[in-house]
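> the following comprises the amino acid sequence and a computationally predicted model.
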Amino acid sequence: MTHAKSAENAAPQDDRPPAAITVRIQLEDFDTAREIERLSETGANVGAVVSFTGLCRDENGRLSALELEHYPGMAEAEIGRIARDAAARWPITGLTAIHRHGRIAPGENIVLVVAASRHRAAAFQAADFLMDYLKTRAPFWKKEHLRDGGSGGWVDAREADTRAADRWSR
Amino acid sequence: MTHAKSAENAAPQDDRPPAAITVRIQLEDFDTAREIERLSETGANVGAVVSFTGLCRDENGRLSALELEHYPGMAEAEIGRIARDAAARWPITGLTAIHRHGRIAPGENIVLVVAASRHRAAAFQAADFLMDYLKTRAPFWKKEHLRDGGSGGWVDAREADTRAADRWSR
Amino acid sequence: MQLRYFAWVRERIGRDAETVEVPDTVATVGALIDWLSARDEAYAGAFAERDAIKVALDQEHVDHEAPLNGAREAAFFPPMTGG
Amino acid sequence: MQLRYFAWVRERIGRDAETVEVPDTVATVGALIDWLSARDEAYAGAFAERDAIKVALDQEHVDHEAPLNGAREAAFFPPMTGG
């Protein structure tokens, strides 16, 4: 199993104020625009905001919905740990992660990550890192519901996701 | 000078439909939420949307505004070339780039890039690539206006931006 | 000890949580899985693909070699597929 | 030939565009810069830092070695700082 370097162990990189970290696990949809705006306003020295929105695909018409099961309590805690890791690695001013659970139809939002920083490289990398670790470490599981009425079963973890997360191990 | 591999020379990677590319150069602000939504709806197989918003910083209170000069005609043409490059390199379904010109106050938007794809890696990379090349190849120049009333002069090109763009040369 | 099961581990065991008295001789996560597997076929079936079973103690990921160390909650689940 | 200047190149030359008759002997971008620099001190000053001058022919980036090849428009500017 890959372990992210924990935020507690990372040496502080400078005297910057702590990043504003928000983690939410919820049934209802989120408002991407509002979340981007909120992080854009964390200070007049924010120069770059990167957002990632993960959507439910219909897999070429095969799917009627995804059902997302999660481990309440640990989901928030684990995403919080990943977010603090990211904040220790890159000079970000704000980091938001919102993950939905329950039944989600094709075209609907599943997950949102927003990272704000003075500079664009930090914002891109923090968002990319957060998504990679969220995929492989946050306790969520997807079950497919098929258009023909049956269950497509549980989605298998992808080897590519584990490799993507391994990129960040140093 | 670094040259992106041109879209015309890139071998087509599969039979996918062409990406929906939008390039706009404008004085007025843009609506990030609307642009993300537009690309999220390019098909039910869009699984990932990455946005980058570049904002005017106040540089610790030093700046009253940035003035963005551009080369009309070439700005649209060059960003269009970079976007077609990105669409040839990664399997994206949509790519939007909007760059403002004129006088822009701290906290205001300067540039927006949105990339949509089936998968998150392609969306992240296409957006990151587009920003790197846009910084070093799109004909825009920033002049600083200082809070004390003077002109801070033209912003110098950053060596770090050239190195960032060079990452993508293969 | 509170036990929790998720996704197909939950479906195969047939419940999402239970409280058990774990003997003192069961000292690691791996030993706990062995002990549960010995209870009946549902547990044995759920834990058959041992490499596919992820474990959290008190809501933190751990390896199968990890000591239980007085944890109050153990959770068993397949590899995560969120995001 | 239509010439266009941007940012500090424009400011140093003192205009943003002009139309000039370029002699046939001026065949490359570099030669065009030399020819303009010989006109007066404003051009010479604008083009003094030769490595800092970027050029586009008909709205496409070119190197200083590029032939003019009948281009209708040449633009001169410092390294870009958009984004």
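Thanks, I have the structure now. Being a predicted model, the structure only gives us computed values, none of them experimental.

> next one: phi and psi at residue 36?
Since no chain was named, I'll use chain A. Main-chain torsions, A:I36, degrees, to the nearest 10: phi -60, psi -40.

> hm, I was asking about chain C
Torsion angles, degrees, to the nearest 10, at C:L36: phi -70, psi -40.

> for the closest residue to it other than its chain neighbours, give its distance to C:I13.
Counting by C-beta to C-beta, 6 or more residues apart in numbering or on different chains, C:L36 lies nearest to C:Y43, which is 4.7 Å off, once chain neighbours are set aside. Where C-beta positions appear, they are placed from N, C-alpha and C, glycine not excepted. With the distance defined as C-beta to C-beta, to the nearest Å, C:Y43 ends up 6 Å from C:I13.

> do the same with A:D85
In terms of C-beta to C-beta, A:D85 sits 32 Å off from C:I13.

> those two: which is more packed in?
A:D85 (23 against 20; other C-beta atoms under 10 Å in any protein chain shown).

> A strand includes that one, no?
No: when classified by DSSP: H, G, I helix; E, B strand; the rest coil, A:D85 is found to be helix rather than part of a strand.

> count the residues that sit near the residue of chain C found nearest chain D.
Using C-beta to the nearest C-beta, C:G83 is the residue of chain C that sits closest to chain D, at 28.4 Å. When neighbours are counted by other C-beta under 10 Å, C:G83 registers 23.

> contact partners for it?
Residues near C:G83 by C-beta atoms under 8 Å, 6 or more residues apart in numbering or on different chains: A:54, A:99, A:110-111, A:131, A:134-135, A:138, A:140, A:161, B:120.

> quick one, grab the pLDDT at it.
Model confidence at C:G83, given as pLDDT, is 93.

> same check on A:N9?
Confidence at A:N9, expressed as pLDDT, is 37.

> show me where chain A has helices.
For chain A, applying DSSP state H gives helices covering A:32-40, A:74-89, A:120-137, A:159-166.

> out of these, which is closest to chain B?
With C-beta to the nearest C-beta as the criterion, chain B lies closest to helix A:32-40 of the helices of chain A, at 3.1 Å.

> next, the buried residues of that closest one.
By 16 or more other C-beta atoms under 10 Å in any protein chain shown, the buried positions in helix A:32-40 come out as A:32-33, A:35-36, A:38-40.

> which helices and strands does that helix pack with?
On a contact count with 3 or more C-beta pairs under 8 Å, 6 or more residues apart in numbering or on different chains; DSSP states H and E, helix A:32-40 meets strand A:48-55, strand A:92-100, strand A:109-117, helix B:32-40, strand B:48-55.

> worst average pLDDT in those?
Of all the helices and strands packed on helix A:32-40, mean pLDDT reaches its minimum on helix B:32-40 (a mean of 93).

> A:A44 touches B:R147, doesn't it?
No: applying C-beta atoms under 8 Å as the test, A:A44 and B:R147 come out as separate, 11.4 Å apart.

> distance of A:T93 from chain C?
Counting by C-beta to the nearest C-beta, to the nearest Å, the separation of A:T93 from chain C is 23 Å.

> that residue: neighbour count?
Residues lying near A:T93 (other C-beta under 10 Å) number 25.

> for it, give me its contacts.
Each residue near A:T93 by C-beta under 8 Å, 6+ apart is listed here: A:17, A:19-20, A:39, A:42-43, A:45-46, A:116-118.

> same question, A:D156
C:79, C:81.

> can you pull out the strands in chain C?
Here chain C has its strands, by DSSP state E, at C:2-5, C:17-19, C:54-57, C:60-62, C:73-77.

> buried residues of the second one, list them for me.
Going back to what we said before, that points to strand C:17-19. Buried residues in strand C:17-19 (16+ other C-beta under 10 Å): none.

> can you give me the helices in chain C?
Using DSSP H, helices in chain C cover C:7-13, C:29-37, C:41-46.

> JSON lines for the ones you listed, including distance to D:F77 and mean pLDDT?
Compiled in JSON lines, these are given as follows (distance: least, C-beta to C-beta, whole Å; pLDDT from 0 to 100):
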{"stretch": "helix C:7-13", "distance to D:F77": "58", "mean pLDDT": "97"}
{"stretch": "helix C:29-37", "distance to D:F77": "64", "mean pLDDT": "98"}
{"stretch": "helix C:41-46", "distance to D:F77": "67", "mean pLDDT": "97"}
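
> reformat those helices as TSV; add distance to A:W168.
What follows is these, written out as TSV (distance: least, C-beta to C-beta, whole Å):
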stretch	distance to A:W168
helix C:7-13	25
helix C:29-37	25
helix C:41-46	32
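
> so for C:E21, which of the ones you listed sits nearest?
helix C:29-37 (10.9 Å; C-beta to C-beta).

> same for that closest one, what does it pack against?
helix C:41-46, strand C:54-57, strand C:73-77.

> let me have those in CSV, adding mean neighbour count as columns.
Below are the helices and strands packed on helix C:29-37 laid out as CSV (neighbours: other C-beta atoms under 10 Å in any protein chain shown):
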stretch, mean neighbour count
helix C:41-46, 15
strand C:54-57, 21
strand C:73-77, 22
